[in-house]
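Asker: only geometry, no sequence info:
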């Protein structure tokens, strides 16, 4: 299950925050024509329009199966935290499948996701953290 929301400069809510609330502009899906994400930790030159305030929600994680509206759902084993350099070239399911393949090898799984993103031609920063639950 996806736990986050992509903060792209294409998202109408983000565009409204940048243009109407902050007085900035988006051009060709980029904040001030430069940055593809609307929220980030760095990018000091665009801090007037780009915030580090995250989209947050609360989820319960457990190691047992539980009932959901869609029937029995397998519980989560890990959480992947990664920046858009990964998600630009890999779907959520592709990343989950790759982490599942390397299950139990904590030292290599984040590196493998990084390598796969590079091999798929990412043109952005890559940061990956896999948290085992």
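Answerer: That came through, no problem. Here the structure is a predicted model, which means the values were calculated and not measured. Residues are numbered from 1 along each chain as shown.

Asker: Just the mean pLDDT for the longest helix out of those in the chain, thanks.
Answerer: Among the segments of the chain that qualify as a helix by DSSP state H, the longest is helix 106-119. Mean pLDDT, helix 106-119: 89.

Asker: Which neighbours in the sheet does whatever helix or strand comes next after it have, and how are they oriented?
Answerer: Next helix or strand after helix 106-119 toward the C-terminus (DSSP states H and E): strand 128-132. Strand 128-132 sits in its sheet next to strand 78-82 (antiparallel), going by DSSP bridges.

Asker: Following the strand it pairs with in sequence, what is the next regular element?
Answerer: Taking DSSP H and E, what comes next after strand 78-82 is helix 84-87.

Asker: for the longest helix of the chain, which positions count as buried?
Answerer: Judged by neighbour count (16 or more other CB atoms under 10 Å), helix 106-119 contains these buried residues: 109-110, 112-114, 116-117. (Glycine included, C-beta is placed from N, CA and C.)

Asker: Just put those in CSV and tack on distance to residue 44.
Answerer: Shown next, in CSV, are the buried residues of helix 106-119 (distance: CB to CB, whole Å):
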residue, distance to residue 44
109, 31
110, 26
112, 31
113, 27
114, 25
116, 30
117, 25
